[in-house]
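>>> test case, fold it:
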Amino acid sequence: MPSPRLSPSIARLAGLGAFGVAAAILALLAFVLWGSRPNVPGDTGGIDAINTTITWIAFTTIALALILVHVVFARQLLADARGVRRGI
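So this is what the prediction gives:
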């Protein structure tokens, strides 16, 4: 049964938008990981292996949590657009 407050077309659009945001967060994470990797040993810009590891763990944890939330919301919205009620 569809939601009485949200039309199926808007729910579908919002669900696809949430998947798009998850993809954008993944692309941003890839950019941060690429930008913080150690390059040539003499040209590190002050970041060493320890700082790189801390940065990668911190950004990966936050990005994966945000991606998970967006995927759960997107699945809920797309199911609501199809008329399927999912229990959360």
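>>> identify the residue nearest residue 71 in space, chain neighbours excluded?
Excluding the flanking residues, the one nearest residue 71 by CB to CB, 6 or more residues apart in numbering is residue 22, at 5.6 Å. Bear in mind the C-beta positions are built from the backbone N, C-alpha and C, glycine included.
>>> next, give phi and psi for that neighbour.
phi -60, psi -40 (degrees, to the nearest 10).
>>> surely it is in contact with residue 74?
Yes: Residue 22 is within contact range of residue 74, at 7.2 Å (criterion: CB atoms under 8 Å).
>>> still on that earlier bit, for residue 85, see how far away the residue nearest to residue 71 is.
Computed as CB to CB, to the nearest Å, the residue 22 to residue 85 distance reads 23 Å.
>>> of these two, who's got more company?
residue 22 (19 against 10; other CB atoms under 10 Å).
>>> contacting residues for that one?
Neighbour list for residue 22: 66-67, 70-71, 74 [criterion: CB atoms under 8 Å, 6 or more residues apart in numbering].
>>> okay, it: pLDDT?
Residue 22 carries a pLDDT value of 96.
>>> just the one 5 residues further on next, same as before
Per-residue confidence (pLDDT) for residue 27: 97.
>>> count the neighbours of it for me.
Residue 27 has 10 nearby residues by other CB under 10 Å.
>>> now the helices for this structure?
8-35, 49-82 (DSSP state H).
>>> ok and the first one relative to helix 49-82, angle-wise?
Which is helix 8-35. Following axes from the mean of the first three to the mean of the last three CA atoms, to 10 degrees, one obtains 170 degrees for the angle between helix 8-35 and helix 49-82.
>>> chain center to helix 8-35, what's the gap?
Averaging C-alpha positions (CA atoms, centre = their mean, to the nearest Å) puts helix 8-35 6 Å from its chain's average.
>>> stretch 6-23: which residues count as buried?
11, 14-15, 18-19, 21-22 (16 or more other CB atoms under 10 Å).
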